[in-house]
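Undergrad: Pasting the sequence and the predicted model now:
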Amino acid sequence: MLTKSMMKLTFNLSLIILFTAGLLAQGVTTSSISGQITDSADIPLSGANIVVIHVASNTTYGTTSRDEGYYTIPNMKIGGPYSMAVSYIGYKVQKEADLYLRLGMSTKLSFQLVEEALEMAGIYVTAERDDVMNADRTGAAILQNGMGS
């Protein structure tokens with residue numbers, strides 16, 4: 001016959017098992033995108049800029065490609081649609097649209113960027129000589145009337 005304390009212990013153990021099972025059932029609630037960025041000769045591009053936008057909520061995710069051109073964007077909302085843009089200086093921007101992410105799955109998207117000629121604006125450099133800072137003054141100086149000697 002079960003005593004009152006044994007019944008309480010059994011009840012408490014049942015509650016612990018029930019709540020623990022509920023916690024384990026939470027699992028993964030997000031998705032991710034990963035892949036590799038290379039150039040037209042299949043050379044990995046380290047430092048490529050990757051921006052992904054969840055169109056419905058305007059949430060922006062971003063990263064840069066690591067060594068060997070690989071990138072990963074974890075913890076993204078499931079569903080979509082998403083739009084994605086990959087850019088790298090000297091290469092044409094590549095875009096992908098209408099992407100949908102599945103629960104707990106990593107979508108693999110690799111890009112091969114094509115070189116693009118860039119026209120850059122000219123750079124003009126101007127300088128002026130400063131009497132206080134010059135090649136003749138190489139050490140400490142005595143100030144007279146607020147001016148260096």
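TA: Everything's here; your move. Treat the numbers as computed from the prediction; the structure is a model and nothing was measured.

Undergrad: What is the three-state secondary structure of the most centrally placed residue in the chain?
TA: Residue closest to the mean C-alpha point of the chain, counted by CA atoms, centre = their mean, is residue 63 at 2.3 Å. Secondary structure, DSSP: H, G, I helix; E, B strand; the rest coil: residue 63 is strand.

Undergrad: what's the answer for residue 10, then?
TA: Following three-state DSSP, we place residue 10 in the helix state.

Undergrad: That one - how many residues pack around it?
TA: 11 (other CB atoms under 10 Å). The way it works is simple: take the backbone N, C-alpha and C, and place the C-beta from them, glycine included.

Undergrad: And residue 64, by the same measure?
TA: Counted with other CB under 10 Å, residue 64 comes out at 13.

Undergrad: and the gap between it and residue 71?
TA: 7 Å (CB to CB, to the nearest Å).

Undergrad: tell me, what's touching those two both at once?
TA: Residues touching both residue 64 and residue 71 (CB atoms under 8 Å, 6 or more residues apart in numbering) are 48, 50.

Undergrad: show me where this structure has helices.
TA: Listed in chain order, the helices found in the chain under DSSP state H are 4-24.

Undergrad: In it, where is pLDDT below threshold?
TA: Along the chain, the model assigns pLDDT under 70 to residues 1-2, 6-7, 11-13, 15, 18-26, 130-135, 137-139, 141-149.

Undergrad: What segments of it are strands?
TA: 31-39, 49-54, 59-64, 70-76, 79-87, 94-101, 106-108, 111-113, 143-144, 147-148 (DSSP state E).

Undergrad: Alpha carbons only: can I get stretch 45-55 in PDB?
TA: Backbone C-alpha positions of stretch 45-55 (Å, rounded to 0.1, in the frame of the first residue of the first chain) are rendered in PDB as follows:
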ATOM      1  CA  LEU A  45      36.500  35.100 -52.700                       C
ATOM      2  CA  SER A  46      37.100  35.900 -49.000                       C
ATOM      3  CA  GLY A  47      35.300  39.000 -47.800                       C
ATOM      4  CA  ALA A  48      32.400  39.000 -50.200                       C
ATOM      5  CA  ASN A  49      29.400  40.900 -48.800                       C
ATOM      6  CA  ILE A  50      26.100  38.900 -48.400                       C
ATOM      7  CA  VAL A  51      22.800  40.600 -47.500                       C
ATOM      8  CA  VAL A  52      19.500  38.700 -47.200                       C
ATOM      9  CA  ILE A  53      16.200  40.500 -46.600                       C
ATOM     10  CA  HIS A  54      13.000  38.900 -45.300                       C
ATOM     11  CA  VAL A  55      10.600  40.800 -47.600                       C
END
